[in-house]
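**Student:** sequence and predicted model, in that order:
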Amino acid sequence: MKSIFDPAVRQELIHRVNSLRTDSPRVFGNMTAPQGLHHINGAFQMYLGELKAPYHGNNLKAALLRFFTFSPMPIPRGKGKTSPPLVSEGAYDLEAEKARFRDLLERVGARRDQKEWPVSPVFGKLTGEQYGKLGYKHTDHHLQQFGV
């Protein structure tokens, strides 16, 4: 599974994000492209510990979600519940979100060897390796939402 700790993967994601347009049509879901990118950026802020959200799962549910998320299966379209701090409603400047994305992605990517990571509100305790894979899979899922 790809990881955002790989510099080539980060470049791939940056290239894909740069192809987003404000009017990029949705393939699935309800968010606009700027809202989707704002949502992704919020997830990266959570990985960095800059955006706090309490763990609201239970150990069995978190274990099942980790199993499916870190499997080769794609994230189901429109089936998950978004953690409240990551709900992106309203209008966002796409170019500003692109700049934030590049900065946040590089900052998370630089933490590869970090030992301590924030507890995920959905998945519970994750390793750095798991955050690297989750960062890619979550970003890829939402970029696919807009056909990029």
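**Tutor:** That came through fine. Numbers count the residues shown, from 1 in each chain.
**Student:** least confident secondary structure element in this protein?
**Tutor:** helix 59-69 (a mean of 86; mean pLDDT, DSSP states H and E).
**Student:** how far is that one from where the chain is centred?
**Tutor:** From the chain centre to the centre of helix 59-69 is a distance of 17 Å (C-alpha atoms, centre = their mean, to the nearest Å).
**Student:** ok, the spatially closest residue to residue 1 that is not a sequence neighbour - contacts?
**Tutor:** Excluding the flanking residues, the one nearest residue 1 by C-beta to C-beta, 6 or more residues apart in numbering is residue 133, at 4.9 Å. C-beta here means a position set from N, CA and C on the backbone, and glycine is covered the same way. Contact analysis of residue 133 by C-beta atoms under 8 Å, 6 or more residues apart in numbering lists 1-3, 70.
**Student:** from those residues, which two are the most distant?
**Tutor:** 2 and 70 (11.9 Å; C-beta to C-beta).
**Student:** for the protein, just list every one of the helices.
**Tutor:** 7-18, 33-47, 59-69, 94-109, 128-145 (DSSP state H).
**Student:** to residue 121, which of those helices lies closest?
**Tutor:** helix 33-47 (7.5 Å).
**Student:** what are the C-alpha coordinates of that closest one, in PDB please?
**Tutor:** Output of helix 33-47 as PDB, limited to C-alpha atoms (Å, rounded to 0.1, in the frame of the first residue of the first chain):
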ATOM      1  CA  ALA A  33     -13.600  20.200  -4.600                       C
ATOM      2  CA  PRO A  34     -12.600  23.100  -2.200                       C
ATOM      3  CA  GLN A  35     -14.600  21.500   0.600                       C
ATOM      4  CA  GLY A  36     -13.000  18.100  -0.100                       C
ATOM      5  CA  LEU A  37      -9.500  19.500   0.000                       C
ATOM      6  CA  HIS A  38     -10.300  21.400   3.200                       C
ATOM      7  CA  HIS A  39     -11.500  18.100   4.600                       C
ATOM      8  CA  ILE A  40      -8.200  16.400   3.600                       C
ATOM      9  CA  ASN A  41      -6.200  19.200   5.100                       C
ATOM     10  CA  GLY A  42      -8.100  18.900   8.400                       C
ATOM     11  CA  ALA A  43      -7.200  15.200   8.500                       C
ATOM     12  CA  PHE A  44      -3.500  16.100   8.100                       C
ATOM     13  CA  GLN A  45      -3.800  18.600  10.900                       C
ATOM     14  CA  MET A  46      -5.200  15.800  13.100                       C
ATOM     15  CA  TYR A  47      -2.200  13.600  12.200                       C
END
